[in-house]
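Asks: sequence first, predicted coordinates after that:
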Amino acid sequence: MTAARSVRVHRRGFAVCVATALTLMAPVAMAVPATELTARARAAAARGDWNSAARSLEEIVRAGIDSTDVLYDLGTLYARAGRFGEAIHRFEQVARRNPLALDAVHNLRAARLLLANRDAGRTGRAVAETALPFWTWFAEVLPLDWSVWLTLFAQIAAIACIVVARRRNSGEMARVGGVAAAVLLTGVTLIGSGMAVARIRETPAGVVLHDGIRLRQSPSPDGIEEAAVREGERLEISSRNGAFVRAITSSGRVGWLSVRDVGELGE
């Protein structure tokens, strides 16, 4: 299966996803009704105008309707339009919110591969995916609320197992099993709490949205340009100054980028 086909296979029918998301959201004030924007996106996608379809969904996201379904569909439209940095940004957002969204994870990898293939065709060199530092990966295994609930559940279950093991009428097997389960669940508690702490302390991250972007020495449109950053590259965001963010690349390079060129990941 080719990478391009992989992106198509997991499209899921974006109009259905968006319509479902809209029915679950509270009414919001929009210049154009969300249902009308959905209809426009559906019509544009039907004729293969991926950029027009994406613009309609972008308006929905700007209005505050950013469910994982909407973001997934927007990422799919970007990938089909060849806007791979923006596609990677949206798929990353979905994967961070819901690690069980395996289709988004699949499309994220497919978009990175498509981007690498494009870069290889241009320059003969490409990077498909850069491994995250261990603590960044560990922090992003589960969303913060999932980690908290896992920790709580494991703590309660461990206490219940200890109570069972200490009951006088418990058999030897029940006591041994209860203690073993309590130890195991305590380990799960430590892992869950560690993930939560790592997520809270994680440095804000973003993705380079466009091709041909370079770091600047200062937070100004007239700042001297330095090293180039790759479209779709993951960055750490250490601070912001007006319309610019101070970014740190995976290779340790530091500089300023316009907020228009960086898609922040958030929670």
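Replies: The structure has been received and is ready for your questions. Residues are numbered from 1 along each chain as shown.

Asks: which residues does the closest residue to residue 151 other than its chain neighbours contact?
Replies: By the measure of Cβ to Cβ, 6 or more residues apart in numbering, the closest residue to residue 151 outside its immediate chain neighbours is residue 192, 3.6 Å from it. From N, CA and C alone the C-beta is placed, and that goes for glycine too. Residue 192 makes contact with 142, 147, 148, 150, 151, 154 under the criterion Cβ atoms under 8 Å, 6 or more residues apart in numbering.

Asks: what's the residue lying closest to the first one once chain neighbours are set aside in contact with, if anything?
Replies: Nearest residue to residue 142, sequence neighbours excluded (Cβ to Cβ, 6+ apart): residue 195, at 5.4 Å. Applying Cβ under 8 Å, 6+ apart to residue 195 gives the contacts 138, 139, 141, 142, 147, 150.

Asks: of those, grab the buried ones for ChimeraX.
Replies: Buried residues within the contacts of residue 195, by 16 or more other Cβ atoms under 10 Å, are selected in ChimeraX with:
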select :138,139,142,147,150
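
Asks: kindly indicate which of the contacts of residue 195 lies nearest residue 70.
Replies: Checking these against residue 70 with Cβ to Cβ, the nearest one is residue 142 at 22.0 Å.

Asks: for residue 247, helix, strand, or coil?
Replies: strand (DSSP: H, G, I helix; E, B strand; the rest coil).

Asks: low-confidence bits of the stretch 51-200 of the chain, can you list those?
Replies: Flagging of the stretch 51-200 of the chain using pLDDT under 70 yields the residue ranges 128, 168-170.

Asks: returning to what we had before: for the residue nearest to residue 142, give me phi and psi.
Replies: phi -60, psi -40 (degrees, to the nearest 10).

Asks: just the closest of the contacts of residue 195 to residue 234, please.
Replies: Looking across the contacts of residue 195 and measuring by Cβ to Cβ, the closest to residue 234 is residue 139, at 13.2 Å.

Asks: the closest one touches residue 205, doesn't it?
Replies: No. Between residue 139 and residue 205 there is no contact under Cβ atoms under 8 Å: 9.9 Å.

Asks: can I assume residue 210 is in contact with residue 232?
Replies: No. Residue 210 is not in contact with residue 232 according to Cβ under 8 Å; the separation is 9.7 Å.

Asks: mutual contacts of the two, please.
Replies: By Cβ under 8 Å, 6+ apart, the residues touching both residue 210 and residue 232 are residue 85.

Asks: who's more crowded, the two?
Replies: Each of residue 210 and residue 232 has its neighbours counted (other Cβ atoms under 10 Å); residue 232 has more, 29 against 17.

Asks: show the pLDDT at the more buried one.
Replies: With respect to pLDDT, residue 232 has a value of 92.

Asks: so what's it up against?
Replies: 84, 85, 88, 111, 112, 115, 207, 208.

Asks: PyMOL command to pick out the buried ones of those?
Replies: This is the PyMOL syntax for the buried subset of these, where burial follows 16+ other Cβ under 10 Å:
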select buried, resi 84+85+88+111+112+115+207+208
